[in-house]
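Engineer: Quick one, fold the following:
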Amino acid sequence: MKIFISIALVLLSATLAGQNVGINQPNPTYPLDVNGNVNVAGNLLVNGTAGAAGQVLSTTTSGATAWLSTGSFPNISAFTQSGTFTVPTGITKIVVEAWGAGGGSPAGGGAAGTYIVSYQTVTPGQVITVTIGTGGASATSNPGAASDGGNTFISGAGPFISLTAPGGKGAFAAAPGYGIRYGVENDIFIQYAGQAGDATTVSYAQKNATTFVIVRKYGDGGAAGPDYRIRSQGQSYTYNESTTVPIDNNFTALAPYPAGGGGGGIFGQAGSNGMVTLRY
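Structural biologist: Residues are numbered from 1 along each chain as shown. You can find the predicted model right below:
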């Protein structure tokens with residue numbers, strides 16, 4: 001009898017193996033066809049994989065079901081000071097944005113630092129080193145030479161391609177600083193060179209019937225890419241041509257962060273520090 005029962009069970013298993021199984025589904029059309037809610041106490045695996053943090057179950061372009069990230073690069077880590085970044089588990093691609101520091105100013109405006117964006121291949125656990133460029137100091141005398149902005153560096157081992165975002169050149173006397181380009185663009189990165197500062201200009205005007213004035217407009221600092229929106233306004237200084245007595249005066253603003261060039265003035269301004277963001 002036991003032999004007959006064993007044979008029957010084997011035959012039944014073989015029959016069921018070639019059929020669809022339905023739960024609350026009298027005519028199943030799939031290997032497992034469920035009509036109703038499903039409660040999973042453990043992980044839901046797809047091809048043996050439970051998925052990583054930040055992923056959702058989705059369909060690829062080839063029609064396969066897979067765990068995919070919810071966004072291209074939903075996370076961001078920003079560096080305003082030098083430091084390191086360890087690539088998290090499950091991350092194999094990152095976007096690097098880097099700004100070199102802005103140049104300083106005496107009278108002409110300092111240039112902004114260069115902006116670089118790069119798409120990089122990384123490995124989980126890989127350590128990326130970030131060195132932030134320091135804004136160029138203003139001149140110690142006028143006329144005089146201001147300091148260049150410092151370069152910002154990003155480097156890592158393995159497949160990571162090291163990058164340099166150059167700092168902007170500092171101004172010299174009334175002459176402005178200019179932006180620096182980093183090599184030649186390729187499929188690894190693109191760049192937006194820092195905007196040059198403006199030169200100092202001098203104009204003459206008549207204030208009233210007896211008073212003539214000289215207007216000295218110190219150069220604006222350069223704006224940083226990629227949008228080139230905000231500049232450090234140089235100082236305007238108006239004085240009587242005969243007596244040299246000041247009539248009107250405004251002071252320059254601090255260089256915008258990150259990477260802005262210093263605006264010119266009687267004493268000038270320092271450039272702004274660089275910055276790095278890592279999107280993953």
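
Engineer: Stretch 241-249 - what's its average pLDDT?
Structural biologist: Per-residue pLDDT over stretch 241-249 has a mean of 79.

Engineer: so how far is the first residue of that stretch from its last?
Structural biologist: In stretch 241-249, first residue to last residue: 15 Å (Cα to Cα, to the nearest Å).

Engineer: cool, and stretch 235-249?
Structural biologist: 7 Å.

Engineer: What are the buried residues along it?
Structural biologist: 235, 237, 238, 239 (16 or more other Cβ atoms under 10 Å). Every residue, glycine included, has its C-beta placed from N, CA and C.

Engineer: cool, stretch 138-158 as well?
Structural biologist: Under 16+ other Cβ under 10 Å, the buried positions of stretch 138-158 are 138-139, 142, 145-154, 156.

Engineer: before we move on, what about stretch 24-36?
Structural biologist: Neighbour-count burial for stretch 24-36 [16+ other Cβ under 10 Å]: residue 28.

Engineer: Counting neighbours, what do you get for the nearest residue to residue 242 once chain neighbours are set aside?
Structural biologist: Leaving aside its sequence neighbours, residue 242 sits nearest to residue 212 (Cβ to Cβ, 6 or more residues apart in numbering; 7.2 Å). Residue 212: 12 surrounding residues under other Cβ atoms under 10 Å.

Engineer: same thing with the one 3 residues further on?
Structural biologist: Other residues near residue 215 number 15, with proximity taken as other Cβ under 10 Å.

Engineer: in terms of contact, does it touch residue 206 like I think?
Structural biologist: No: in this structure residue 215 lies outside contact range of residue 206 using Cβ atoms under 8 Å: 11.3 Å.

Engineer: which SSE is the residue minimising distance to the centre of the chain in?
Structural biologist: Geometric centre of the chain, nearest residue: residue 97, 3.0 Å, by Cα atoms, centre = their mean. Element membership of residue 97 [criterion: DSSP states H and E] is strand 93-99.

Engineer: other SSEs contacting that strand?
Structural biologist: Counting contacts by 3 or more Cβ pairs under 8 Å, 6 or more residues apart in numbering; DSSP states H and E, strand 93-99 packs against strand 115-121, strand 152-156, strand 163-165, strand 275-279.

Engineer: now those strands in CSV, with mean pLDDT and distance to residue 230?
Structural biologist: Formatted as CSV, those follow (pLDDT from 0 to 100; distance: least, Cβ to Cβ, whole Å):
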stretch, mean pLDDT, distance to residue 230
strand 115-121, 93, 13
strand 152-156, 95, 19
strand 163-165, 94, 18
strand 275-279, 97, 14
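
Engineer: before we move on, the earlier item: my guess is the residue nearest to the centre of the chain meets residue 115, correct?
Structural biologist: Yes: counting by Cβ under 8 Å, residue 115 is a contact partner of residue 97 at 7.3 Å.
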